[in-house]
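A.B. asks: sequence first, predicted model second:
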2 protein chains.
Amino acid sequence: MGLAKTEMFTKRQNTISSFAKAFGHPARVAILQHLFKIKACVCGDLVNEIGLAQPTISQHLRELKQLGLIQGNVEGTSVCYCINKENWAKMKGIVSEFLDQDLTCNDCC
Amino acid sequence: MGLAKTEMFTKRQNTISSFAKAFGHPARVAILQHLFKIKACVCGDLVNEIGLAQPTISQHLRELKQLGLIQGNVEGTSVCYCINKENWAKMKGIVSEFLDQDLTCNDCC
DNA sequence: TTTATTCATCGTAATATTGCAATGAACAAA
DNA sequence: TTTGTTCATTGCAATATTACGATGAATAAA
């Protein structure tokens, strides 16, 4: 019914999918790549850079922020967003462990 | 409008988000983990293992198959699904490159 | 104080995703 | 052939996501 039955899965499985969902939209991929590139940012730059409306960018930023992958520091009228290094590293560890699973396989395939 | 404006983004950005979307649901994470674990599988096993209805599992399998991450070989009345090692490795390379971006940052944050 | 700038939030419309009952297709066994 | 097994597909209902105009809150500048 459009509702992910999260209670059926392990905490780890839900964590992995939550992080993956964060990268599951090209706008958020682009936002993160831009933050990595310039190493600091304000929302207005992203609106020009990405090409989506300001509320849309703001909404994507909020999702990334709620997951802890970015942080925003208010500076006057603008907000300085950047990658949260510590949480990014944690996420990378969890996702990488999933991606790095053993590929050995029996004769079935 | 619920429509990702893929044409605004680079091919690479869309590729990353497509793969990420595949892991963006705990059921698909669980399916892949199970395939890794037993190294071969049929759909019926997954229905018992995961706990979702058979059509639901079949639908998730189709998405993973369309992305090339798994493959299914028909064996009599059952279908043997397993990880597509080559494509998994390719995907891992693309996603890892994104995750491994340089975390150095200026004094802004 | 007034005005401008910047970003967040609200409200809403459109599309996407998830889940499953019902059904179908393919094959094997009786 | 008939029956049973296995998985795919269809059709639908419910929820989630995406996008943006309008508006609000906060601050800075005039």
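C.D. replies: Perfect, thanks for sending it.
A.B. asks: when you work out contacts or count neighbours from here on, use the C-alpha atoms and nothing else.
C.D. replies: Will do.
A.B. asks: gap between the residue positioned nearest the centre of chain A and A:L64?
C.D. replies: Geometric centre of chain A, nearest residue: A:A22, 3.7 Å, by CA atoms, centre = their mean. Distance, A:A22 to A:L64, using CA to CA, to the nearest Å: 7 Å.
A.B. asks: gap between the residue nearest to the centre of chain A and B:L99?
C.D. replies: Distance from A:A22 to B:L99, by CA to CA: 12 Å.
A.B. asks: now swap in A:K85 and tell me
C.D. replies: 12 Å.
A.B. asks: what residues do those two have in common as contacts?
C.D. replies: Residues touching both A:K85 and B:L99 (CA atoms under 8 Å, 6 or more residues apart in numbering or on different chains): none.
A.B. asks: report the distance from the helix or strand of chain A with the lowest mean pLDDT to the chain centre.
C.D. replies: Taking mean pLDDT, DSSP states H and E as the measure, chain A has strand A:41-42 as its least confident helix or strand, at a mean of 86. Mean-position distance between strand A:41-42 and its chain equals 16 Å (CA atoms, centre = their mean, to the nearest Å).
A.B. asks: what lies in contact with it?
C.D. replies: With CA under 8 Å, 6+ apart as the criterion, strand A:41-42 contacts A:L35, A:S78, A:V79, A:C80, A:Y81, A:C82.
A.B. asks: roughly how far apart are the fourth one and B:E63?
C.D. replies: Just to be clear, that refers to A:C80. A:C80 is 38 Å from B:E63, by CA to CA.
A.B. asks: and what of A:K21?
C.D. replies: In this view, A:K21 and B:E63 are 15 Å apart by CA to CA.
A.B. asks: neighbour count for these two, which is higher?
C.D. replies: A:K21 (21 against 15; other CA atoms under 10 Å in any protein chain shown).
A.B. asks: got the contact list for the more buried one?
C.D. replies: B:A20, B:K21, B:F23, B:G24, B:H25.
A.B. asks: out of those residues, which is most surrounded?
C.D. replies: The most crowded member of the contacts of A:K21, judged by other CA under 10 Å, is B:F23 (28 neighbours).
A.B. asks: sec struct for A:N73, please.
C.D. replies: The local conformation at A:N73, judged by DSSP: H, G, I helix; E, B strand; the rest coil, is strand.
A.B. asks: now it: how far from A:R62?
C.D. replies: Relative to A:R62, and taking CA to CA, A:N73 is found at 13 Å.
A.B. asks: hang on, A:I50 packs against A:A27?
C.D. replies: Yes. Here A:I50 lies in contact with A:A27, judged by CA atoms under 8 Å, at a distance of 7.2 Å.
A.B. asks: what's the overlap in contacts for those two?
C.D. replies: By CA under 8 Å, 6+ apart, the residues touching both A:I50 and A:A27 are B:F9.
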